[in-house]
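> Okay, predicted coordinates and the sequence, questions at the end:
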Amino acid sequence: MAKTVVIVVGTRGIKCSFHSLIALLFAFVIISVLLARESEWVVKARAMKKLSQCDLFSGKWVFDNESYPLYKEQECRFMWDEFACQKFGREDLNYQNWRWQPHQCDLPRFKATALLERLRGKRLVFVGDSLNRDQWVSMVCLVESAIPPTLKSKKINGSLVTFKAHEYNASIDFYWSPLLVESNSDDPVSHRLPDRIVRIKAIEKHARHWTDADILVFNSYLWWRRPIMKLLWGSFESPDHIIKEVEMLRSYEMGLKTWSDWLDIHVNHTRTQLFFMSMSPTHLWGEEWGRPKTDNCYNETMPISKEGHWGSGSDIRMMRIAEAAIDELRSRGLKVQMLNITQLSEYRKEAHPSTHRRQWVPLTEEQLSNPTSYADCVHWCLPGVPDVWNELLYAYIFYFS
Ligand SMILES: *[C@@H]1O[C@H](CO)[C@@H](O)[C@H](O)[C@H]1NC(C)=O
Ligand SMILES: *[C@@H]1O[C@H](CO)[C@@H](O)[C@H](O)[C@H]1NC(C)=O
Ligand SMILES: *[C@@H]1O[C@H](CO)[C@@H](O)[C@H](O)[C@H]1NC(C)=O
Ligand SMILES: *[C@@H]1O[C@H](CO)[C@@H](O)[C@H](O)[C@H]1NC(C)=O
Ligand SMILES: *[C@@H]1O[C@H](CO)[C@@H](O)[C@H](O)[C@H]1NC(C)=O
Ligand SMILES: *[C@@H]1O[C@H](CO)[C@@H](O)[C@H](O)[C@H]1NC(C)=O
């Protein structure tokens, strides 16, 4: 009897411990899943924290032909001939293969569908000059491969170019206004006039086309670069308008004041994300990187490796003026993020179109015999440097807001 009882108890004991073993196992599995999730989350949060504390603009270029270019020039249906260097005969294509490596962290990977999802029902507008258009074309090329042919379109209406991703009801636009404020250079096609006149207090004619945007990316630099600007008060048509010659730095400051006053009053402070691209450098003087005086970016195939290289074409005083305008806006409760692309682009003397782009006017014999004379050392080939500007913009849109 006693034996049976013992056995019964024993069986129960075994059953019991079997159950508790299963329970224990179960708990163990749940806890490890939770722990794994937790650590994944912690890792993600840490990466994000690290990223948002990282100076993305301090770093170096690394040759990486595995991950770059991010798209192919001939496959982008919205490419512009001013930036299509391969199409216009450039043979060394290494300029497409450089990755920007910040010293303290990695740039997040550009995901076209993630950006389109972010832009669902929204409008992203690039406002500025042809360098901003360079960046806009890059952005369109970066996202368009993720959209089937019938679900995207481009429309030009005066100064405004609209790229639309129909499925997402998202637009990525470019608006031509090289000085941000009004000027006699506002025609998107014929704006090369000998005498530049800036209507320094007026921006409304332009701004009404972009004030409602959700994300705005501005630039304005090169068009201000002359010693004296002609400023106009009143309207171009009015017979009693006033024109005065004003020193350039003062003019730039006044133009940005008009711009920032408009932003402060007219854009929705909570809804709108605002960015200002710092100066895009030029490579017009070869002596700055150890070439003869008469050379420029023509025939260059390698980036500058000297850390901190800074060309005389990038006017730090103008960068400070833009910073001051942005700081002042911040004190009024409107945040504009400056994307400091000057230093990183300074290194890329080989990434300009040089002679490999569409020419608007036929070249003369004299020019053809001296390619340096007509090389474009201002804009950038695509794919290329502006793709990295957009990767930085992407990082800021997602991780720094
Ligand atoms: C821009 O970035 C470079 C490189 O990190 C740095 O030297 C420079 O001070 C920065 N300029 C501004 C205005 O932040
Ligand atoms: C990348 O560059 C290396 C060295 O120039 C070359 O050997 C390799 O074939 C290239 N790979 C690709 C995918 O182009
Ligand atoms: C499409 O996006 C625009 C903003 O760009 C918005 O005004 C409009 O309501 C959206 N339409 C639909 C159908 O979601
Ligand atoms: C072009 O833009 C103007 C506003 O500036 C608008 O009135 C006009 O309808 C637009 N045209 C087209 C074809 O979209
Ligand atoms: C600004 O945008 C927010 C979010 O879309 C909205 O709730 C608010 O009404 C807008 N403010 C104004 C003044 O339009
Ligand atoms: C361009 O560079 C190549 C290779 O470095 C050189 O052979 C050629 O002479 C250069 N052309 C000019 C016009 O400087």
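Good, I have the coordinates. Ligands and ions are numbered 1, 2, ... in the order given.

> distance of Phe78 from Ser58?
32 Å (CB to CB, to the nearest Å). Heads up, the C-betas are built off the backbone N, CA and C, glycines and all.

> again, but for Tyr221
Distance from Tyr221 to Ser58, by CB to CB: 21 Å.

> Please say which of the two ends up with more neighbours.
Tyr221 (25 against 13; other CB atoms under 10 Å).

> From Ser251, how far out is the more buried one?
When Tyr221 is compared with Ser251 (using CB to CB), they lie 13 Å apart.

> Likewise for Leu231?
Taken as CB to CB, the span from Leu231 to Ser251 is 6 Å.

> Please identify every residue contacting each of the two.
Shared contacts of Leu231 and Ser251, defined by CB atoms under 8 Å, 6 or more residues apart in numbering, comprise 198, 200.

> for the record, mean pLDDT for stretch 85-95?
Mean pLDDT, computed over stretch 85-95, is 97.

> Please point out which parts of it sit buried.
Across stretch 85-95, burial judged by 16 or more other CB atoms under 10 Å covers 85-86, 88, 90, 95.

> Now that we have those residues, can you turn them into a markdown table and tack on secondary structure and distance to Gln135?
Formatted as a markdown table, the buried residues of stretch 85-95 follow (DSSP: H, G, I helix; E, B strand; the rest coil; distance: CB to CB, whole Å):
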| residue | secondary structure | distance to Gln135 |
| --- | --- | --- |
| Cys85 | coil | 16 |
| Gln86 | coil | 19 |
| Phe88 | coil | 20 |
| Arg90 | coil | 20 |
| Tyr95 | helix | 16 |
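
> can you put the residues you listed in JSON lines and add distance to ligand 5?
As requested, the buried residues of stretch 85-95 are arranged in JSON lines below (distance: CB to the nearest ligand atom, whole Å):
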{"residue": "Cys85", "distance to ligand 5": "41"}
{"residue": "Gln86", "distance to ligand 5": "42"}
{"residue": "Phe88", "distance to ligand 5": "44"}
{"residue": "Arg90", "distance to ligand 5": "45"}
{"residue": "Tyr95", "distance to ligand 5": "41"}
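
> Which pair of these spans the longest distance?
Phe88 and Tyr95 (13.4 Å; CB to CB).

> Might you name the residue of the stretch 101-250 of the chain sitting closest to ligand 1?
His103 (8.7 Å; CB to the nearest ligand atom).

> for this protein, what are the low-confidence residue spans?
Filtered on pLDDT under 70, the chain yields the residue ranges 1-18, 33-34, 37-38, 43-49.

> what's the burial count for Tyr399?
By other CB under 10 Å, neighbour count at Tyr399 equals 15.

> With Asn268 instead?
11.

> likewise Glu307?
Glu307: 10 neighbours (other CB under 10 Å).

> now Pro102
18.

> same thing with the one 5 residues further on?
Under the neighbour criterion other CB under 10 Å, Leu107 is assigned a count of 18.

> My guess is Arg226 contacts Met248. True?
Yes. Arg226 is within contact range of Met248, at 6.3 Å (criterion: CB atoms under 8 Å).

> For these two, indicate the residue with more neighbours.
Applying other CB under 10 Å to Arg226 and Met248 shows that Met248 carries more neighbours, namely 16 against 10.

> Roughly how far does that one sit from ligand 5?
Relative to ligand 5, Met248 is positioned 36 Å away (CB to the nearest ligand atom, to the nearest Å).

> if I read this right, that residue contacts Lys230, doesn't it?
No. Assessed by CB under 8 Å, Met248 is found out of contact with Lys230, at 11.0 Å.

> Determine the number of other residues adjacent to Ile172.
Residues near Ile172, counting by other CB under 10 Å: 27.

> now swap in Leu222 and tell me
Count around Leu222 with other CB under 10 Å applied: 17.

> Okay, the closest residue to it other than its chain neighbours and ligand 3: tell me how far apart.
Closest residue in space to Leu222, ignoring its immediate chain neighbours: Asp129 at 6.4 Å, by CB to CB, 6 or more residues apart in numbering. As judged by CB to the nearest ligand atom, Asp129 and ligand 3 stand 24 Å apart.
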